[in-house]
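> fold the following for me, if possible:
(chains A and B)
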Amino acid sequence: MIASVPPGSSSFPSQTTASPAGNNLLIGPFDQRWSSRLEALLASGRAAGADLVEVFLERTDHIGVLAEQDTITSVTPAFGMGAGIRVFLGHRDGFVSTNDLSEAGLKQALSQALGMLGLEICSSALNSFDGLPALRDFGLEKGTWLERCPGIQEATQRLLEGTARLEQHGRHLQARRASYARDWQEVMVAASDGTFGRDVRLHQSVGLNVLAADGEHRAGVGRRYGTSDSPDDLRQWDAGTSAEEVCASAGTMLYADYVEAGQMPAVLANRFGGVIFHEACGHLLETTQVERGTTPFSEQVGHPIAHEAVTAIDEGLTGGAFGSLSMDDEGMEAQRTVLIEKGVLKRFLSDRAGELRTGHARTGSGRRQSHTFAAASRMRNTFIAAGPHSPDELISSVDRGLYCKSMGGGSVGPTGQFNFAVEEAYLIENGQLTKPVKGATLIGEAKEVMPRISMCANDLELAAGFCGSVSGSIFVTVGQPHIKVDSITVGGR
Amino acid sequence: MTASTAQQGLDAQSLRSKLDTIAASHGIRQWDLGAACSTDTSVQVDRGEPKQMKGAQRSSITIRVWNSDGLVGTTSTSDLSDNGLERALSGARDASAFGNANDTPGFSPLATAPLTPLEQPLHQGQGILRLLERLKEAEQDLLSRHSAIGTVPYNGLAERSSERIYLNSEGACRQQQLTTASIYLYARAEESGRKPRSAGAVRLAYGASELDIAGCITEAAERTISHLDYAPIETGRYTCVFSPEAFLDLIGAFSNLFNARAVLDGVSLSNRDSLGESLAVPFLSIRDNGLHPGNIGASNFDGEGTPTRPLDLVQGGVLKNFLHSEATARAFGVQPTGHAGLGAKVSVGPDWFEIGLTPGSSGAQAGLDRFKSDQPIVWIDSLSALHAGVKASQGSFSLPFDGWLIKNGETRSIEAATVAGDIRQVLKAIVGFEGDAKITPDGLCPLVWVEGLSITGEA
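Okay, here's the model as predicted:
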């Protein structure tokens, strides 16, 4: 829910005026009290000749907890704050980040950003900016989230329950780990185009990892579960089911043979199988790639780029999903963006700079890891839509191929080549799953693979993940139903 | 102390005084900290225009405290104001209630030992507009090297000034100032009717004025052009020749072999009894030497204040030593080696590898020349996606690479392929070395020949 707060004074404060005692802006939430300081900055930047000035304020609070075997081995609290100031002039921009949120510190950062574009702060700032509107406060009802999250004591108990469940369900386990991360972030975005928003984000994730070993056989398996905006997430986590899933996978893969390399059809399972679309195609539909000239799809809007079975969506709206957000890091509300509809490219994901430089309208996709990064067009919850088939229909349609039940990480290179590791895989022989195989890597190019996704099942599910790219590591969701790729290169031995 | 520390630098004595005062007010008698601040300036360009110009002032601090039960807690923050320090110290004290009684770090016994001086000249920054001009010139030069090179989509020129401190309540004080600069240029080339190809190069120096930009341009151009004429490779087993960069990447990805923390945690391929065992061919030597003059940005102390020093890891193919923090060293009954981070559970990691022939050893094939081989050779120039394709605790890898097939006297770029194997088998299948060792950002290494690796291609 969006709440509006009446605007405060827009008068330009004297640079020498200190904040009155009891009104220290660094204490308490980012709120309307900041409008005067931000307006002064934005006005200064505009008066210096900038087309647009944007200020991103951030405050963070993190806790990480690690349990190994039956002991808590690490508790790592961290907190911080900072600002990122970005100035646009024509198609160029300068960006400066700082940990210093004092009036002088922010002004110095602005001055440095302006200097990158050959601009200087001048004295005639008063009439160059109309002031900020009312604050759009998406965080108003999120004020208690942090205190409602589990404390360290509760988190340690849940993790120890996790490692105990691993011991209960696993065999030949040489190492058992459970980890928890709670990331709370408060952001405020103000820009000279009238953007003025605030939000509070909460991401929690819990991971289980095991290393199984028996003689020369070794298998490492990990799973991470994550949600956003749900203070009770860790309390609701089903440690037993998660442990069972991880141990079952480790037990299967411990004695698996290495996959034989080659070209073959593949069926990719739902949930984290969606990483193939994320890596193979999603990154190429970000305007940062259009700007660089590194996507083969830059001139393909309105044209088929995938099999007609494929409809793909990126959105930031799904409740509790890891990549959801009320507003992006440029102050724009999240949207649902249809990227591909029945194989035809419909939209690119765009941020402020992307719109400026490529003409693709913003989609609420300007995201960054922290104030030290300028926002860039990034994915949120990205998935291939469900199709009409059952998963069994996909598998039974393959004479000899690979079933990829669990995917590892992946990446895409500057020429569009992607790759990702398969953690748990099975051979498909005569339409049936047969023996487990390990060591598989899927390799290809988006342009060639997207037309080969010929069947989508009806079991769409999402999975939490982290995506690292130009603006740092961010929380995302990948997802898909079971899909069939008619032919893909499988790296193995 | 104000929050403007990044511009002002760290004042170790002031920091110590404040921590002493705050610690005393909380009844904390044992603490240590690592603090760092930096100022970074970087530019990127796109076909003659500035793409992004970026500046950053950063500061950070990690405080550890020992509570009355001897348990350790930490807290990290970017807020170096008095309020931030107070909050960090009390946060660390709270976290210490959850300290691990079975594995408690202590102060390094070497935290006040003499340090090896480093030759690291401090340079004044050139300023962002000068960096911009130099990068624009470099991009233009690279674009002019071949008609197929259309863009340099990944590029950057950066300079950094940084400072770091280690202090503890027993009087240890380590401090280092450093300036560094870097340039990277990754070109994209495309010929009509063919797939785009990309390659690049990186250079590091202590200041932007010292950067070998011309060398970076030439290397990026030559590597990119060399991949224009490509062909698929047949899947099979090949003798592979790793470039120094590729082999160092591979060893780095499996450095848990040498990591005492990983050994104690049960996630290393080695165990406590592995020291003295044969790990590789009898002529292989691997040494960690963060103090090597080629290691730009070296530090002469680690996160716990322990002096950095050279350490033989593998000699004559035999595993000789593990990398240690204070806690792991105590567990093994040895001295810390200068490879620690700072935390309640202290991480351990390598600095900079020196890989090559063990003096006086035998078994390595001499006179290797990949261009004169009578068998097909896969020359692996660079590995990709190590984060996804390496299973460090299992020993296996399956990695995409850029490289060439050398066959019948002809060298041709490989279209798209992966190399897969097991690191323990790789270390036992090294045939020999070719050429002189080369200094890279990650270490010193010659070309390394390995036989019988599995290559997956698209032919």
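
> residues in a beta bridge with A:Gly220, which ones?
For A:Gly220, the beta-bridge partners under DSSP bridges are A:Leu211.

> tell me who's in contact with it.
A:209-212, A:250, B:267, B:391, B:393-394 (Cβ atoms under 8 Å, 6 or more residues apart in numbering or on different chains). (Each C-beta comes from the backbone N, C-alpha and C, glycine too.)

> kindly report the same for A:Ser249.
By Cβ under 8 Å, 6+ apart, A:Ser249 lies in contact with A:221, A:405-406, A:423-424.

> what helix or strand is it located in?
helix A:239-254 (DSSP states H and E).

> not counting its neighbours along the chain, what's nearest the residue in the stretch 301-450 of chain A positioned nearest to chain B?
Residue of the stretch 301-450 of chain A nearest chain B, by Cβ to the nearest Cβ: A:Gly409 (3.8 Å). With Cβ to Cβ, 6 or more residues apart in numbering or on different chains as the criterion, A:Gly409 has its nearest non-adjacent residue at 3.8 Å, and that residue is B:Ala388.

> what lies in contact with the host helix or strand of the one you found?
Element membership of B:Ala388 [criterion: DSSP H and E] is helix B:386-389. Helix B:386-389 is contacted by residues A:408-411, A:419-421, A:441, B:249, B:253, B:397-400, B:418 when judged by Cβ under 8 Å, 6+ apart.

> quick one: mean pLDDT over that helix.
Mean per-residue pLDDT for helix B:386-389: 88.

> the helix or strand just after it vs chain A: in contact?
Downstream of helix B:386-389, the next assigned helix or strand under DSSP H and E is strand B:390-391. Yes - under the criterion of Cβ under 8 Å from any Cβ of the partner chain, chain A is reached by strand B:390-391 at B:Lys391.

> elements contacting strand B:390-391?
On a contact count with 3 or more Cβ pairs under 8 Å, 6 or more residues apart in numbering or on different chains; DSSP states H and E, strand B:390-391 meets strand B:396-407.

> can you give me the helices for the chain?
This is for chain A. A:35-47, A:103-116, A:145-148, A:152-169, A:233-236, A:239-254, A:275-280, A:287-292, A:352-358, A:391-396, A:446-449 (DSSP state H).

> wait, chain B
With helices called from DSSP H, chain B shows them at B:5-8, B:12-25, B:82-96, B:128-143, B:213-226, B:244-253, B:260-265, B:326-332, B:386-389, B:423-428.

> any buried residues in the fourth one, and which?
Same thing as helix B:128-143. Within helix B:128-143, the residues scored as buried using 16 or more other Cβ atoms under 10 Å in any protein chain shown are B:128, B:130-132, B:134-136, B:138-139, B:141-143.

> export it to CSV, keeping only CA atoms.
Taking Å, rounded to 0.1, in the frame of the first residue of the first chain, the C-alpha atoms of helix B:128-143 are listed here in CSV:
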residue,chain,number,x,y,z
ILE,B,128,38.5,11.4,-13.9
LEU,B,129,38.7,13.6,-16.9
ARG,B,130,42.2,12.5,-17.7
LEU,B,131,41.2,8.9,-17.2
LEU,B,132,38.3,9.5,-19.6
GLU,B,133,40.6,10.9,-22.3
ARG,B,134,43.1,8.0,-22.0
LEU,B,135,40.3,5.4,-22.2
LYS,B,136,38.7,7.0,-25.2
GLU,B,137,42.1,7.0,-26.9
ALA,B,138,42.6,3.3,-25.9
GLU,B,139,39.2,2.4,-27.2
GLN,B,140,39.8,4.2,-30.5
ASP,B,141,43.2,2.5,-30.9
LEU,B,142,41.7,-0.9,-30.3
LEU,B,143,38.8,-0.3,-32.7
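
> where does the chain have low pLDDT?
Since no chain was named, I'll use chain A. A:1-23, A:124-127 (pLDDT under 70).

> not what I meant, chain B
B:1-8.

> tell me the domain ranges of it?
B:5-223, B:228-250+B:363-456 (automatic domain parsing).

> contacting residues around residue 369?
Chain wasn't specified; assuming chain A. For A:Gln369, the contact set (Cβ under 8 Å, 6+ apart) comprises A:471-474.

> um, chain B though
Neighbour list for B:Asp369: B:Glu434 [criterion: Cβ under 8 Å, 6+ apart].

> since we're on the residue nearest to A:Asp229 when sequence neighbours are not counted, how many residues are nearby?
Distances taken as Cβ to Cβ, 6+ apart place A:Leu202 nearest to A:Asp229, at 5.4 Å, with adjacent residues excluded. A:Leu202: 20 surrounding residues under other Cβ atoms under 10 Å in any protein chain shown.

> swap in B:Arg160?
Neighbour count for B:Arg160, taken as other Cβ under 10 Å: 18.

> over to the one 3 residues further on?
For B:Glu163, the count of nearby residues is 20 (other Cβ under 10 Å).

> thinking the residue nearest to A:Asp229 is in contact with A:Trp184, fair?
Yes - contact status for A:Leu202 versus A:Trp184: in contact at 5.4 Å, counting by Cβ atoms under 8 Å.

> which strand residues bridge residue 65?
With no chain named, the answer covers chain A. In this entry, A:Val65 is beta-bridged to A:Val75, A:Tyr180, by DSSP bridges.

> try chain B instead
B:Trp31, B:Gly73.
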